[in-house]
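In: Need a 3D model of the sequence below.
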Amino acid sequence: MTFPALCTWIGGVAEESPEADGSWLHDPNTGEALVPTASSSLEQVDRAVSAARRAHDDGRWRGLAPEERAVRLGALAAWLDDRAEEIARLDALNSGVPLAVTRLFGGANGATLRDAARRAVVRGDVAELPAEQGGVRLHRVPWGPTALILPWNAPSAMAVKKTAFALAAGATVVLKPSSFSPWSAQLLLEGVHEAGVPDGVVGLVQGGGGVGRALVADERIAAISMTGSTPTGRAIAAAAAPRFARLQLELGSNNAAIVRADADLEQAAEALADGVLKLSGQWCEAPRRVLVDRARRDELARLLIAAFARRTIGSSLDDATEVGPVAFAARRDELDDQRDRLAAAGAEVLRVSAVPERGWFFAPTVAVLDGPGLADEVFGPMLLVGGYDDEDEAVRLANTGQVGLAGYVFGADQEGAAALGTRLVAGEVKVNGTSVLDMSPASAQSFFGASGLGGHGDDDVLDFFTGKQVVGTDRAGLPL
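Out: Got it, this is the predicted structure:
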C-alpha cells in the first residue's frame, strides 16, 4: 500500500515537511512501523497563515458568489468520490477504525461537500432586510483566516466536514491534522488543488503540539474550529482569548446512559454494546457510563460482556472486523491505566478474552462499579456500569463529572424516557438507540458544560465561519 507523502501545502504548492523527531506512523493492527513522521517548520506555519491572510484580504474566494464556490466544491466532491476506497483504507490504518466503517465515511465525503455548498447557496451571502426606507442588507462576512484542528479518530470525515463548511461560507483555512492520522488531509489538499480552488485559500501544516500551538497563537488567525481532547481545547481557548478569536471546540465527555425500570435489558445491552464499540470505541458521543436499577446492575453487566464477546475483533483492514485496535500505543496504555484504576477502586472488571496479541488492541471491557466513575474521559471500548436507587439519583450521577455532549435513555415508555432525557446535561439525548448519525436532518446540538463551545448542527457549523454585517441607509427622523 502506498502512503501519501507528508507535505506542507502553502499557496497551492506542496512543500517538503522538513522537521523530524524520530517517531514513526505504525500499523495499529500489528505495531509495525510504516513510515517516519514529518513536521512542518514554524517558518512554514507562518507562511501558510500569510497565504491564507492574503487570500482572505484580496477576496479571491469570498468574493465569488456562493453558486460559483459551489461549482468548485462540486468538483472536489467528485474527486473525493473517485478516491473513496483509498481514503477508507488510509483512515482504517491511521485510526484503527474498521474498514466497514471508514468506507461509510469515505463514501460520504463527497455528499458532505455538496450539502455544505447547497446550504450556502440557499442562505446566500447577502439578504435584503425589511426597512421602510429600503436598501438595508445583511452581509455574511468570513471572519478571516481560520485554523482547522483535526482529530485522529475520523480523519477524512472531520477534515472534509470542517473544510467543506468553511469553504462554502467563503473562509480561507489552514488545516492541522493529528500527527497520528495525517494521510486523509494530504489527499484532501491534492483534491483542492485539482478542483480549481484558488491558491492560498486552503493550506496544510503537519506536526504535533508545537505546530498546533504556533498556528492557533498566530494573531492573524481569526477563528479556530477544533475537535479533540479537553486539555487541548483549554490550551486553545487560552491562546485565543487575548485577541477574542472565534472558537468552535468539540471536546470530551463521559456520556451517560440511563436504563429505566421498564426497559428491555437485552435490547438495551445490544444497543449499548453497538454504541460503545463503534469506531473501536473512539468516538466522542459514545456511551461511557450506564446507570441502571441497582437490583438489575449485575444482570445488565453480564448481558453487555456477552454482547461484546459476539463482536468480531480483528484487523481494521479486514472486511469482517467489527472492533479494531485503538489508534496508537499511548491510547491503549491510557485505557489500560484507567481499567487498573477502576479495579483498584473496587470495580469488578469483565473483559473479552479473544483479542489479538499483536498491535494496539484493547480488550472490550465492562467495569461494574457504583458512583460517577472516573473524572477523566474514557475514550475506547470500555463501559462503566453502576446502579441507582431512583431516577433522581440516576440523573444526579449522569450529570456529574465531565459531561455535555450526549446522553442516552432506555425504556419501554418512550415519552417518559424522552422526558427523563430533558433532565440530562447534554446537547443530544437519544432514546433506545446509540447511532452515530443525527436523528433529524434539522438537528442542532450545542456543546454543554465542559464539552466545548458552539455546536455541530449543519446550519450552526456554516454560521460559525462568518459574522453578520448590516449595511444600508439610516432611517430619517429618528428621535435618538
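In: Output stretch 383-398 as PDB, restricted to C-alpha atoms.
Out: Once non-C-alpha atoms are left out, stretch 383-398 reads as follows in PDB (Å, rounded to 0.1, in the frame of the first residue of the first chain):
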ATOM      1  CA  LEU A 383     -18.100   0.800  29.600                       C
ATOM      2  CA  LEU A 384     -18.800   1.500  33.300                       C
ATOM      3  CA  VAL A 385     -22.000   0.000  34.700                       C
ATOM      4  CA  GLY A 386     -23.300   1.400  38.000                       C
ATOM      5  CA  GLY A 387     -26.600   1.100  40.000                       C
ATOM      6  CA  TYR A 388     -29.100   3.700  41.200                       C
ATOM      7  CA  ASP A 389     -31.900   3.600  43.700                       C
ATOM      8  CA  ASP A 390     -34.300   6.000  42.000                       C
ATOM      9  CA  GLU A 391     -34.300   8.200  38.900                       C
ATOM     10  CA  ASP A 392     -33.400  11.400  40.800                       C
ATOM     11  CA  GLU A 393     -30.100   9.700  41.800                       C
ATOM     12  CA  ALA A 394     -29.600   8.400  38.200                       C
ATOM     13  CA  VAL A 395     -29.900  12.000  36.900                       C
ATOM     14  CA  ARG A 396     -27.600  13.300  39.600                       C
ATOM     15  CA  LEU A 397     -24.900  10.700  38.700                       C
ATOM     16  CA  ALA A 398     -25.400  11.200  35.000                       C
END
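In: can you tell me the average pLDDT over it?
Out: Stretch 383-398 carries an average pLDDT of 97.
In: quick one: contacts of it?
Out: Contacts to stretch 383-398, defined as Cβ atoms under 8 Å, 6 or more residues apart in numbering, come from residues 256, 258, 260, 272, 276, 287-297, 300-301, 304, 342, 347, 365-374, 378, 407, 420, 423-425. Using the backbone N, CA and C atoms, a C-beta is placed for each residue, glycine as well.
In: List only those of those flagged as buried.
Out: Among those, those scoring as buried are 256, 258, 260, 272, 276, 287-293, 296-297, 300-301, 304, 342, 347, 365-370, 372-374, 378, 407, 420, 423-425 (criterion: 16 or more other Cβ atoms under 10 Å).
In: Restricted to helices, list those.
Out: By the criterion of DSSP state H, membership of those in helices covers 272, 276, 297, 300-301, 304, 342, 420.
In: Which segments of this protein make up each domain?
Out: According to automatic domain parsing, the chain comprises the domains 7-251+447-470, 255-431.
In: Need these in TSV (columns: distance to residue 478).
Out: Shown next, in TSV, are the domains of the chain (distance: least, Cβ to Cβ, whole Å):
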stretch	distance to residue 478
domain 7-251+447-470	11
domain 255-431	41
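In: For residue 440, which of those is the nearest?
Out: For those, the distance to residue 440 is smallest for domain 7-251+447-470, at 9.6 Å, taking Cβ to Cβ.
In: Now do that closest one: distance from first to last residue.
Out: Chord length of domain 7-251+447-470, first to last residue, is 41 Å (Cα to Cα, to the nearest Å).
In: same thing with stretch 163-173?
Out: End-to-end distance of stretch 163-173 (Cα to Cα): 8 Å.
In: got it, and stretch 130-145?
Out: Across stretch 130-145, the terminal residues are separated by 32 Å (Cα to Cα).
In: Give me the contact list for it.
Out: By Cβ under 8 Å, 6+ apart, the residues outside stretch 130-145 that reach it are 49, 52-53, 56, 62, 123-129, 169-174, 220-223, 246, 465-476.
In: quick one: contacts for residue 280?
Out: Applying Cβ under 8 Å, 6+ apart, one finds that residue 280 lies in contact with 95-98, 316, 323-327, 380-381.
In: quick check, nearest of these to residue 21?
Out: residue 327 (18.3 Å).
In: where does that closest one fall, phi/psi-wise?
Out: Geometry field for residue 327 lists phi and psi as phi -70, psi -30, criterion degrees, to the nearest 10.
In: Can you show me the helices along the chain?
Out: 42-57, 66-82, 84-95, 99-123, 155-168, 183-194, 209-217, 230-240, 265-277, 297-309, 329-344, 391-398, 414-421, 458-464.
In: got the buried residues for the longest one?
Out: In other words, helix 99-123. By neighbour count on 16+ other Cβ under 10 Å, the buried set for helix 99-123 is 99-103, 105-106, 108-110, 112-117, 119-121, 123.
In: Any idea what residue 249 is bridged to?
Out: Note on residue 249: beta-bridge partners residue 226, residue 453, judged by DSSP bridges.
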